[in-house]
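# Let me see the structure of the following:
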Amino acid sequence: MLLGLALLGPFVVFAQNKPNASVKDTSKQEEIKKPAARSVLNIPHIDRAPTLDDFKELAPSSPLALTMSHANEFKQHNPTDGAAATQRTDAYLGYDQSNIYVVFLCHDEHADQIRAQMTKRENAFADDYVEITLDTFKDQRRGYVFWSNPLGIQAEGLWTEDNGDDWSWDTVWNTTSRRTAHGYMVIMSIPFRSLRFSHAEMQDWGFILHRVIPRNNEDDFWPFVSAKLNGRMNQEAELTGLEKISPSRNFEIDPYGIWRADRTLNSIDTPPHFEGEDLGGRVGADAKLVIKDSLVLDLTIKPDFSQVESDQPQITINQRFPVFFPEKRPFFLENNTFFNTSFNLLYTRNIIDPDWGARLTGKIGKWSLGFILADDKSPGESVANNDPNFGKKATFAIARVNYDLFKQSTIGFIYTDREFAGSWNRIGGIDGNFKWHKNYFANFQILATSTKDIFGNYFAGPAGEFSLGYSGRKFNMNTYYQDDSNGYQTLVGFYSRPGYRQFSNFLNYRWRPEKKWLISFGPNIFQQLDWDHTGLRLDYINNVNFQAEMKKNTFFGVFYNAARSRLRPQDYSTLTTNIDLANGGRGFFFQSDIFKFLSVNAQTVWGNTPNVIPTTGPPRGSFERNFNGGFTLKPVTRMQITTTYLLDNWVDETTRKSEYTTHIIRSKWYYQINREMSLRFIGQYNANLSHPELVALDTSKEFNYDFLFTYFIHPGTALYVGYNTDLDTLNPMLIQGPNGLVQRSNQYINDGRQVFVKLSYLFRF
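Coordinates of the predicted model:
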C-alpha cells in the first residue's frame, strides 16, 4: 500500500514526460511560434521492391533508389526541441500495387555505440530504432506504427493521441536490415492489405518518420514534431500520390492445435484433491474479416494462452483495494484503445476463461466503433461441483462509439453488461475529450449503473469525473474530480471502492539546461483528498518529489509523502468506530541505461501504513519498508537476462515485532537463436514469512518456473513447446486451515505442472 501511495507522484511525472509530451515555455525566448506550413511528400509508384543493394554505402546507388521520394533534415524533439539531429538520417519512400516501402539510412559517427539486440519481436525498445506512423484516415487521432531496430527486429502497433503507443496490434509485414561501419539501414515493406483506409481512388494520408538514439535520450522526427505543442499527429506531414490502391478482400483464419498433459490442484471441492495427468488436446481458431476496408471483425473459438508470459510480480498481501494486473492475452489486447475511457470500464482480466469471443472495431468517417461479445466459464468453475451454479457461464457485452469533433476532440458513448445465473451488472455513459490552444485539455465522463447480484440484491447509482489540465515542455498541471455513488459497481471494469469523492491536483516544472549529461530537473507536487458522501474525510495524500533526467536514459529522484487513511466499521467488521492511521513515507528511485549491455533500476520506500489483516482485533498501525529493484543484462547480442527483486517488510507499531516479510525474486532468461527461433526460461521464488500472532497469514514459500521454445515466423504462424511447474510448501494431506490450505516450512510438493505443444498457422485470403 505504502509503495503505491508514495511513488504515485513520480509515476505521474514519468507518464507526463513521455517523448510525445507537449510543451509550454514560460520564457520570452521560447515563446510558441505559429506552426509552419505542413510538409508534403509525393510518393512515386516504383516497378519493384527496393533492396539493400540499391542503397550501398548508405546512399541511393541505383536508378530505382533515385526515383524514390526523399526526406531528410530530421530535427530533435528531445532533448533539445528544434535542434538539428546529432546524426544524419535519410528516408526514401515508394510504393507498388501491393506494398508501401520505407528505407531508412541511419548515419552514425559512433557506429560502435549503436544499440541493437537480436531478440524476439517487440522486445528491443531499449535499442536504437526507426519507425513510421501512417495516419491512413488523416484524422490526426490514430495511426499505424511500424518499428524496427538496426537488426530488423520488428514491432507494430497503434498510436492514439490520448494513449500513445499500443503494441498489442499485430499484422504481417517485412523488414531487411544491414549494419555498416558508418551506421545502419532498414527497409520496411508494408502490405496495403495490412492497413485500413478509405475507398478513394487518390489517397491522401498523414505520416511521421521517427528515429531514436537512446545513448543521447534523442528523438528525431521528420517532419519536425515540436515539444512545444500538445500532440503528435497534428504535426504530421501529408503523403500524396498513392493511386488506385486497395487492401483488397482480406480474410484471415488462424487455426491452432494444442496437446498437453497437466496436473492441477482443485481446492474448491471437498476434500481438495489433484486432478489431470492425462494427455489431452484441443483445437481452436482465430479469424479476422475486414469489412469495407475500415471495420475489422475478430472471432475466437476455444482460445488458448498457454504460451503467454506470466505476470510481473506485485505485492498483493495486505492491500485495501484490488491490485491491477495488465492484460497479456493477444485477443483481448488488440485494438483495446478503442474502449479506453477515464473510468476503466473494460478490464478484460475479468473475462478469465472464455470459450468464444467476437470483437468488431474500426472507423467510418468521423465515427469510431468498438463492440465485444464473449463468454466466461470461470464463474461456474470456481464453485463446488454440488453448487447450483456449477458449470454455468457468464456473458459479457461491451459497446463503444466515438465521434470526432473539431481537430482533435471527441465525444463518446459506452455500454457494458455482464450476465450470470440471473444476475447482471450494466453500465451506460457518455464522455468527452477536448483539446484547444495547442496545450490545454479537458475530459469528462458521466455514468449510470444497475446491478443485481446472485442473491437478488439490487444496487444502482451514478458516477462521474472531470479533469482539466495544461501539458507543456517545462510546466504541466491537471486537476481531477471523481464522484462514485454508493450503488455504483462494475464487474466488467477495474473497480476499487464505492461511495466516495476524490479531488486531486498535480503540477511539475522542469528546468532544461540540456548540458552534456544533465538534461532536465525539477519538482513535482501531487495532492489527493478522498471523502464519503457524508463529508467524512477518508484519505489524503500530499506528495512532493524532485527528479533529474540525464543522458543514457538515467533518472534519479527523491520524494516525501504525507498521507493518512480513515478506516470505517462498514469496511472492516472488526471495527466499532472510525480510526485514522498514518499512511505516508519517503524514499528515492533510480533507473539507468548507462551501458549498452546493462540496465538497472531501484526504488525504496519507508514509512507508516495500516495493517488490515491482523490475526485478531481491528486494523492497526504498522511501519513498512519496501524495496523494488532489478537489472537487465545483455552479455551477448542474442541473450537477455532480466532479474527483479521485491522486498516488503511490516513492523507492528506497538510491539515493534515484524508482522511479515515478503521476498519475491523473478529471473527471465531469453536467448534468440535467430529471428524465428528463441528459448525462454522464467523462474520465480515467493516467500511470505509471517508472525502468526500479528497477521492472519501463514508462512509460505513457492517456486515456479517455465521453459518455452518458440518458432515464430510471423504473427499467427508459430510453434510453441513449453513446460511449467509450481512447487509449494503445502501439506501433502491438503488440510484446510483458518487461512486456507495448511502450509509447512521448507518441504515442497508439486501442486501444478503442464507440458504442451501448440501449433498455429495463419491463412490470408
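# which residue is nearest the middle of this protein?
Note on the chain: the residue nearest the mean C-alpha position is P326, at 6.4 Å, using CA atoms, centre = their mean.
# quick one, phi psi at it?
Backbone torsions of P326, given as degrees, to the nearest 10, read phi -60, psi 150.
# do the same with the one 5 residues further on
The phi/psi pair for F331 (degrees, to the nearest 10) reads phi -60, psi -40.
# doesn't L52 make contact with M185?
Yes: counting by CB atoms under 8 Å, L52 is a contact partner of M185 at 6.4 Å. For every residue, glycine as well, the C-beta is placed using N, CA and C.
# Please identify which of these two sits among more neighbours.
Neighbours were counted for M185 and for L52 using other CB atoms under 10 Å; M185 has more, 23 against 13.
# For this protein, which helix or strand comes out least confident on mean pLDDT?
Lowest mean confidence among the helices and strands of the chain (mean pLDDT, DSSP states H and E): helix 8-16, at a mean of 35.
# Could you point out the helix or strand that follows that one?
Where DSSP states H and E defines the elements, the next helix or strand beyond helix 8-16 is strand 40-42.
# Quick check: neighbours shared by M185 and L52?
S177, R178 (CB atoms under 8 Å, 6 or more residues apart in numbering).
# Pretty sure P498 sits in a strand.
No: with DSSP: H, G, I helix; E, B strand; the rest coil as the criterion, P498 is assigned coil and is not in a strand.
# okay, now the closest residue to P255 other than its chain neighbours: neighbour count?
What sits nearest to P255 in space, not counting adjacent residues and going by CB to CB, 6 or more residues apart in numbering, is A285, at 4.2 Å. The number of residues packed near A285 is 15, by other CB under 10 Å.
# what sits against A285?
Counting by CB under 8 Å, 6+ apart, A285 makes contact with I253, D254, P255, Y256, L299, T300, I301, K302.
# of those residues, buried ones?
Buried by 16 or more other CB atoms under 10 Å: I253, D254, P255, Y256, L299, T300, out of the contacts of A285.
# Which of these fall within strands?
Mapping the buried ones among the contacts of A285 onto strands (DSSP state E) picks out I253, D254, P255, Y256, L299, T300.
# Most widely separated two among the residues you listed?
Y256 and L299 (13.5 Å; CB to CB).
# pretty sure T654 is in a strand, no?
No: read with three-state DSSP, T654 is coil and lies in no strand.
# burial of it, as a residue count?
For T654, using other CB under 10 Å, the count is 9.
# quick one: buried residues of the helix or strand encompassing A287?
Assigned by DSSP H and E, A287 falls within strand 273-291. Neighbour counts over strand 273-291 (16+ other CB under 10 Å) mark G284, D286, A287, K288, L289, V290 as buried.
# One more: stretch 756-765?
So, applying 16+ other CB under 10 Å, buried residues of stretch 756-765: F756, K758, L759, S760, L762.
# Low-confidence bits of this structure, can you list those?
Where the chain drops to pLDDT under 70, the residues are 1-37, 248-249, 277-278, 309-318, 320-321.
# which residues in it form helices?
Ranges of helices within the chain are 2-6, 8-16, 63-67, 330-333, 378-381, based on DSSP state H.
# Not counting its own residues, what contacts the last one?
Yep, that's helix 378-381 we're talking about. Applying CB under 8 Å, 6+ apart, the contact partners of helix 378-381 are I352, D353, N389, F390, G391, K392, K393, A394, F420, A421.
# Could I have the ChimeraX command that selects the buried members from those?
Buried subset of the contacts of helix 378-381, written as a ChimeraX selection, criterion 16+ other CB under 10 Å:
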select :353,389,393,394,420
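# V145: which of the contacts of helix 378-381 is nearest?
If you rank those by distance to V145 using CB to CB, I352 comes first, at 30.2 Å.
# before we move on, the earlier item: give me the sheet partners of the strand holding A287 and which way each runs.
Taking DSSP bridges as the criterion, strand 273-291 forms sheet pairs with strand 251-266 (antiparallel), strand 295-301 (antiparallel).
# Now do the shortest one: everything it contacts.
I take that to be strand 295-301. Under the contact criterion CB under 8 Å, 6+ apart, strand 295-301 has outside partners 196, 284-291, 331, 334-335, 354-364, 369.
# Using CSV, write out every CA atom in it.
The C-alpha trace of strand 295-301 is given here as CSV (Å, rounded to 0.1, in the frame of the first residue of the first chain):
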residue,chain,number,x,y,z
LEU,A,295,-14.1,-2.3,-40.0
VAL,A,296,-12.5,-5.4,-38.6
LEU,A,297,-14.4,-8.4,-37.2
ASP,A,298,-12.2,-10.6,-35.0
LEU,A,299,-13.5,-14.0,-33.8
THR,A,300,-12.0,-16.6,-31.5
ILE,A,301,-13.2,-20.1,-30.6
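# returning to that earlier point: need the buried residues of strand 273-291 in JSON lines with distance to F681, can you?
Compiled in JSON lines, the buried residues of strand 273-291 are given as follows (distance: CB to CB, whole Å):
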{"residue": "G284", "distance to F681": "27"}
{"residue": "D286", "distance to F681": "27"}
{"residue": "A287", "distance to F681": "33"}
{"residue": "K288", "distance to F681": "32"}
{"residue": "L289", "distance to F681": "38"}
{"residue": "V290", "distance to F681": "38"}
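# Relative to F221, which of the buried residues of stretch 756-765 is nearest.
Using CB to CB, the buried residues of stretch 756-765 come closest to F221 at L762, 33.2 Å.
# My guess is the closest one contacts A287. True?
No: using CB under 8 Å, L762 is not in contact with A287, being 10.4 Å away.
# list residues touching both of those two?
With CB under 8 Å, 6+ apart as the test, L762 and A287 both reach E252, I253, D254.
# Which residues does the second one form beta bridges with?
So the one you mean is I253. Bridge pairing for I253 - DSSP bridges - gives A287, F763.
# so who does it touch?
With contact taken as CB under 8 Å, 6+ apart, I253 is in contact with A285, D286, A287, K288, L762, F763, F765.
# which among these gets closest to E236?
Distances from E236 to the contacts of I253, taken by CB to CB, are shortest for K288, at 27.2 Å.
# Apart from its chain neighbours, what residue comes closest to the closest one?
Using CB to CB, 6+ apart, the closest residue to K288 is E252 (4.2 Å).
# Quick one: residues contacting the one you found.
Counted by CB under 8 Å, 6+ apart, E252 has contacts A287, K288, L289, G716, L762, F763, R764, F765.
# Try it again at 7 Å.
By CB atoms under 7 Å, 6 or more residues apart in numbering, the residues touching E252 are A287, K288, L762, F763, R764.
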